[in-house]
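Asks: Here's my sequence, what's the structure:
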Amino acid sequence: MSKGKDYTHIFNQIAIKNHTTVAEVRREMELAIRMAFGNPDPKIQDAWAKIPYKGAEPTPEEVITYVMNQARKGNKDVLPGQSLQ
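Replies: Numbers count the residues shown, from 1 in each chain. Sure, this is the predicted structure:
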């Protein structure tokens, strides 16, 4: 887990809403990040390059932190094909 922000409350809310466990939520998020991070599309790779992370790929916490910071700045187009609406 990242040593940055603790978003346990977010994982808990998602788990409760989806009738699953926090561990499953984290696993699914990590899988989604891994799949998206490996997308060869240059636009997608450019978007991922903007996300600061410390390991081989971003953690769920690092992605959440980045998306939240972008939302605070009013940037609704955080990743190509995705929108914070």
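Asks: and the residue nearest the centre of the chain, what does it touch?
Replies: Closest to where the C-alpha atoms of the chain average out (Cα atoms, centre = their mean) is V63, at 3.2 Å. For V63, the contact set (Cβ atoms under 8 Å, 6 or more residues apart in numbering) comprises M29, I33, I51. For every residue, glycine as well, the C-beta is placed using N, CA and C.
Asks: buried sites along the helix or strand hosting N69?
Replies: Using DSSP states H and E, the element containing N69 is helix 60-72. The neighbour-count check on helix 60-72 (16 or more other Cβ atoms under 10 Å) flags P60, E61, E62, V63, I64, T65, Y66, V67, Q70 as buried.
Asks: do you know how far E61 is from H19?
Replies: 23 Å (Cβ to Cβ, to the nearest Å).
Asks: Check the separation of the first and last residues in stretch 53-60.
Replies: 10 Å (Cα to Cα, to the nearest Å).
Asks: go on, stretch 48-56?
Replies: With Cα to Cα, one end of stretch 48-56 sits 12 Å from the other.
Asks: any idea which residue of this structure is furthest from its center?
Replies: Outermost in the chain, Cα atoms, centre = their mean: H19 at 20.5 Å.
Asks: tell me the SS of that residue?
Replies: State at H19, reduced to three classes by DSSP: H, G, I helix; E, B strand; the rest coil: coil.
Asks: And it, how close does it get to I64?
Replies: Computed with Cβ to Cβ, the distance linking H19 and I64 is 21 Å.
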